[in-house]
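[1] fold the following, please.
(chains A and B)
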Protein chains: 2
Amino acid sequence: MLHPCFEVIELVLSGPAEPIPADRTPLTVEFAHDSGRSWQVPGFWDGGDRYLVRFAPELQGAWTWTSRSQEANELTGLSGRFEVGPAVPGEHGPVRVAGTFHFSHADGTPFRPLGGTVYNWLHQDERLYSSTVASLAEAAFNKLRFLVFPQAGGYVEHFPELLPFEHSPDGRWDVTRPVIPFFRRLDESVRLLREHGIQADVLLLNAYDNGRFGLDTLTEDEDAAYLRYVVARLSAYPNVWWSLCNEFDILDRPTDRWTRAGELIAATDPHRHLRSIHNWVRLYDHNQPWVTHASIQLGQATEDFGRGSLFRDAYRKPVVLDEIKYEGDVPLRWGRLSAQQLVHQFWIATVSGCYASHGESFENAGGSLHIVEGGTLQGESPARLAFLRRLLDEVDGPGLDPVDNWWDPAFVAGVPRKLYLQYLGRSAPDAWTFRLPQGQHGDRLEVGDRFEVDVIDTWNMTVTTVPRVFELGEVQRNDAFASDPDPVRLPAGEAIALRVRRVG
Amino acid sequence: MLHPCFEVIELVLSGPAEPIPADRTPLTVEFAHDSGRSWQVPGFWDGGDRYLVRFAPELQGAWTWTSRSQEANELTGLSGRFEVGPAVPGEHGPVRVAGTFHFSHADGTPFRPLGGTVYNWLHQDERLYSSTVASLAEAAFNKLRFLVFPQAGGYVEHFPELLPFEHSPDGRWDVTRPVIPFFRRLDESVRLLREHGIQADVLLLNAYDNGRFGLDTLTEDEDAAYLRYVVARLSAYPNVWWSLCNEFDILDRPTDRWTRAGELIAATDPHRHLRSIHNWVRLYDHNQPWVTHASIQLGQATEDFGRGSLFRDAYRKPVVLDEIKYEGDVPLRWGRLSAQQLVHQFWIATVSGCYASHGESFENAGGSLHIVEGGTLQGESPARLAFLRRLLDEVDGPGLDPVDNWWDPAFVAGVPRKLYLQYLGRSAPDAWTFRLPQGQHGDRLEVGDRFEVDVIDTWNMTVTTVPRVFELGEVQRNDAFASDPDPVRLPAGEAIALRVRRVG
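    From the prediction side, this is the model:
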């Protein structure tokens, strides 16, 4: 029987009943494809004498596998073979970087992240845990940031019993003895998100421990043992992204320690998932080779045009603004955006060639927030963001890039000579005269090119095609104009974007 | 007799009459200070049997020197001693990075760059060459970007006879035989700038050859020989900055080649001068360790608030926006700013915690531009920039930093709890109510802190102190307000900045 491409193969092996400490890799399995390519996949202990190896093949055809172990003879020299056929419909494989600044799945299908944020989701009771995912999926979010380790501090009202490690006799955490039910729950959380079409942006280390659990006091070696373990467990799931930490710079650690942790993940993850690290007030150097995309917090970066794209210029990697403040009503400035303002900032991020993440911070009856524990979304932004995601999914190409990032007063993004998106802000004028930027890259506009224009109401979620075709009559060095000088009438005062599509 | 600190010591030595090819280092001299620190200084060929070693000691006290050479016995084993005393008044030594984002001289004196740009200055006739420097100095510019290799292309109307290398029999440039008069002129240009208090931002390689001289077709090894030679010649001058290239990405070269060239300079320059590389449309990775400060071109970066500071966040180095378009009247968009607009952009750069450079592009009678060949400045911006420089020179501290770079709608820069500068743009409102940001770094504002306010007219060059003292009555998490709620009246419509100085 053919195993579907990108599906997890789990080898269940018996090893020593006295478990191999989890700071050592119990076994490694080489998965070899008949093309000659091979993958080295670490196994992990799963309780008792049970050892697992998980692998998701990304090539169709004949495969063999062989195990080796420096820890136990019974885990060495095992082997097998299997055949891989087409992926299950709808499964496109892990998300990777595409077109320098964007993302696509392993099979080439573009992926446009519309992220949600529920930090302490994993640590809620069953009812809340499940309903949160259903609510996010219904709202069209396709990525979720959540913590492996539990959160403490402001707005955290629920603390879990299930924790990731046993204690050693001296009361410290013993990372060599993971608590299997904890990590099975983590497995299950990634699978649950996958079933709902959501990428799991796994926050591996935690800056929000606040002295409650002490999981932020592990040594660098202990962190490394944990990271190897969690990578071995989760890597085969196609929907995994690794984020080293949310607001990493809250923790007082040398930058090099973060770099070594990132490099460790890059070196040990056989499925090459996306890797990032997210800051509080001090940016990490996203030019480091282990970083696949820049995950950035900076309050003002999406508040006006022309900012987010500078991070693209600096890093030449996809930029995901994972925290642009939240829709909500708490007193602190990070959590009191109106829905209109948050949607506005998503549109600015979009025409900056960047991606943004959502979060909701209305204080609930229990004194907590959706970004902490989840629940049902109540804000007005998610519907508008779903509308934006639909428009992004219609882009034919890796994604939208600023067309002339050196200087374009209109900040038009697009795919040169194919598609252009211009956002006019929260209060549009009553008319727009056709004009496109001519950029330095890609296909160049020519006199005679013909375009249709859609007027997009970003808040009321309508797309209205202007019943005219615009033909370029003049193409200058940096700008192109239509022969027809009649302006397009707009609903003045609304949050309007224009989509210009080439039709000839 | 005491040699003054930071002054050039030149050892003139006799070597082989058949010159050592300039792709080899003829000798190296170790200069050892009695503290135990020592400097390895490469010598260079200066014509005939003449070999020079130049060194500018930056420590007072007793020094010895000893030569070694793998090329010639007569250059080996020479030695001497000297004593270094205080610097000549007004000489502060080479400029280096200070306070992460700013500059100071080796003796700690802050340096706030106000740069000018005359690419082809070195290659003009004597009259223009000298008058250009006088005009720049009179206008208060303290840094000049200019090319070692001559320029060709648009607006270049004058081509030099004196070129840097001999030709080999096959017609190629022979970098092993530098033309000494060419490089003596280069020496002299750096000395001339120094006499006028101007830092020489030396553009080492040239993207504007346009097929005329072929100096952009040297191999990487030939570039390296030239770079070693020019570093050996110029490094002792305190006012040297190295810029690998202006608009480096016009040249079709792999990025790694630029990185190796930058690393070569870092490794061979005994005086550790500032090092940068300047882009056209694709930024270099200024996080590379050899880069001391980010020298960036990006047309829109100074056109509005909140942009330039993002480069500080990305690179954590000083940011110099070396090309923010020019005051002038040419048809192309990079050369037709009004003086008002250019001054506006300098102020935005300033409150972004960055520095900017000036250039002038009025087409002159000969069909050229000041940014190409120099001459007398005729624009209206230089006087306003001199005024700005005076205000910057009054800052007590390394420089101005955005106080709350995460999110401050007023984009106030300053030195926390000491000095604040807020720029209100080209058209100020008629009043301003006292408010300061409370940032995440540095000293924190407290209730009872007392401030004076200067109203600065950035165009009319006036500073008017408000005849009241403002005392903080309320300090919130992110903002501080005065007890006195009466707004400060402003000259509405003018380009106004506010300087807030703590007085108690």
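
[2] need phi/psi at the residue of the stretch 51-200 of chain A found nearest chain B.
    Chain B sits closest to A:Thr100 of the stretch 51-200 of chain A, with a gap of 11.0 Å, by C-beta to the nearest C-beta. Where C-beta positions appear, they are placed from N, C-alpha and C, glycine not excepted. With angles defined as degrees, to the nearest 10, A:Thr100 sits at phi 70, psi -50.

[3] that one and A:Arg316 touch, don't they?
    Yes: if you go by C-beta atoms under 8 Å, A:Thr100 and A:Arg316 touch, sitting 6.1 Å apart.

[4] settle it for me: which of those two has more neighbours?
    In this view A:Thr100 and A:Arg316 are compared by other C-beta atoms under 10 Å in any protein chain shown, and A:Arg316 has more residues nearby, 17 against 14.

[5] from B:Thr462, how far out is the more buried one?
    For A:Arg316, the distance to B:Thr462 equals 44 Å [C-beta to C-beta, to the nearest Å].

[6] which residues of the stretch 151-300 of chain A lie near chain B?
    With the criterion set to C-beta under 8 Å from any C-beta of the partner chain, the stretch 151-300 of chain A comes near chain B through A:Val281, A:Arg282, A:Leu283, A:Asp285, A:His286, A:Asn287, A:Leu298, A:Gly299, A:Gln300.

[7] just the buried residues of those.
    Using 16 or more other C-beta atoms under 10 Å in any protein chain shown as the burial test, those include A:Val281, A:Leu283, A:Asp285, A:His286, A:Asn287, A:Leu298, A:Gly299, A:Gln300 as buried.

[8] for the residue of the stretch 51-200 of chain A closest to chain B, give me its contacts.
    A:Arg316, A:Lys317, A:Pro318 (C-beta atoms under 8 Å, 6 or more residues apart in numbering or on different chains).

[9] again with A:Glu222
    A:Asp23, A:Trp173, A:Val175.

[10] highest neighbour count among those residues?
    A:Val175 (25 neighbours).

[11] now stretch A:382-401: mean pLDDT?
    Stretch A:382-401 shows a mean pLDDT of 97.

[12] next one: that stretch to chain centre, how far?
    Computed by C-alpha atoms, centre = their mean, to the nearest Å, the chain-centroid distance of stretch A:382-401 equals 15 Å.

[13] next, the distance between the ends of it.
    24 Å (C-alpha to C-alpha, to the nearest Å).

[14] on that earlier part again, between the residues of the stretch 151-300 of chain A next to chain B, which is nearest chain B?
    A:Gly299 (3.1 Å).

[15] now do the buried residues in stretch A:36-45.
    For stretch A:36-45, by 16+ other C-beta under 10 Å, it's A:Trp39, A:Val41, A:Pro42, A:Gly43, A:Phe44, A:Trp45.

[16] with the contacts of A:Thr100 in mind, which one is nearest to chain B?
    Distance to chain B across the contacts of A:Thr100 (C-beta to the nearest C-beta) is lowest for A:Arg316, with 7.8 Å.

[17] need the contact list for that closest one.
    A:Arg316 touches A:Thr100, A:Phe101, B:Leu283, B:Asp285, counting by C-beta under 8 Å, 6+ apart.

[18] the same query, at a cut-off of 7 Å, please.
    A:Thr100 (C-beta atoms under 7 Å, 6 or more residues apart in numbering or on different chains).

[19] what of A:His441?
    A:Pro416.

[20] which members of the residues of the stretch 151-300 of chain A next to chain B occur in strands, if any?
    Among these, no residue falls in strands (DSSP state E).

[21] make CSV out of the residues you listed and add pLDDT.
    Formatted as CSV, those follow (pLDDT from 0 to 100):
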residue, pLDDT
A:Val281, 94
A:Arg282, 96
A:Leu283, 97
A:Asp285, 97
A:His286, 98
A:Asn287, 97
A:Leu298, 96
A:Gly299, 92
A:Gln300, 95
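
[22] any chance of these in CSV with distance to B:Ala431 as columns?
    Formatted as CSV, those follow (distance: C-beta to C-beta, whole Å):
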residue, distance to B:Ala431
A:Val281, 32
A:Arg282, 36
A:Leu283, 36
A:Asp285, 43
A:His286, 42
A:Asn287, 44
A:Leu298, 30
A:Gly299, 27
A:Gln300, 24
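
[23] give me the low-pLDDT residue ranges for the stretch 151-300 of chain A?
    Counting by pLDDT under 70, the stretch 151-300 of chain A contains no low-confidence segment.

[24] mind listing the strands for it?
    Secondary structure of the stretch 151-300 of chain A by DSSP state E, counting those that start in this stretch: the strands cover A:165-167, A:173-178, A:199-205, A:240-245, A:275-276, A:294-295.

[25] now the stretch 401-504 of chain A
    A:401-402, A:413-415, A:419-423, A:431-432, A:435-437, A:450-457, A:462-465, A:470-475, A:479-482, A:488-489, A:496-502.

[26] which one of those strands lies nearest to A:Val240?
    strand A:401-402 (26.8 Å; C-beta to C-beta).

[27] close to chain B, is that closest one?
    No: using C-beta under 7 Å from any C-beta of the partner chain, strand A:401-402 stays clear of chain B, with a minimum separation of 9.5 Å.

[28] what's in contact with stretch A:373-393?
    By C-beta under 7 Å, 6+ apart, stretch A:373-393 touches A:112, A:114, A:118, A:120-121, A:124, A:128, A:131-132, A:135, A:139-140, A:158, A:327, A:339, A:342-343, A:346-347, A:350, A:358, A:360, A:362, A:364, A:370, A:458-459, A:461.

[29] and it, how far out from the chain's middle?
    Per C-alpha atoms, centre = their mean, the centroid offset for stretch A:373-393 relative to its chain is 15 Å.

[30] which parts of the stretch 301-450 of chain A sit against chain B?
    Residues of the stretch 301-450 of chain A found near chain B (C-beta under 7 Å from any C-beta) are A:Ala301, A:Asp304, A:Gly306, A:Arg307, A:Leu310, A:Phe311, A:Asp313, A:Ala314, A:Arg333, A:Trp406, A:Trp407, A:Gln440.

[31] can I get these in TSV with neighbour count and pLDDT?
    Listed next are those as TSV, based on neighbours: other C-beta atoms under 10 Å in any protein chain shown; pLDDT from 0 to 100:
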residue	neighbour count	pLDDT
A:Ala301	29	96
A:Asp304	18	97
A:Gly306	24	96
A:Arg307	25	97
A:Leu310	26	97
A:Phe311	27	98
A:Asp313	22	97
A:Ala314	27	98
A:Arg333	14	94
A:Trp406	19	93
A:Trp407	17	94
A:Gln440	14	86
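
[32] what is the most widely separated pair among those residues?
    Among these, A:Arg333 and A:Gln440 lie farthest apart (C-beta to C-beta), at 37.5 Å.

[33] just list whatever residues bridge to the closest residue to A:Ser357 other than its chain neighbours.
    Nearest residue to A:Ser357, sequence neighbours excluded (C-beta to C-beta, 6 or more residues apart in numbering or on different chains): A:Gly115, at 3.4 Å. Under DSSP bridges, the beta-bridge partners of A:Gly115 are A:Lys143, A:Ser357.
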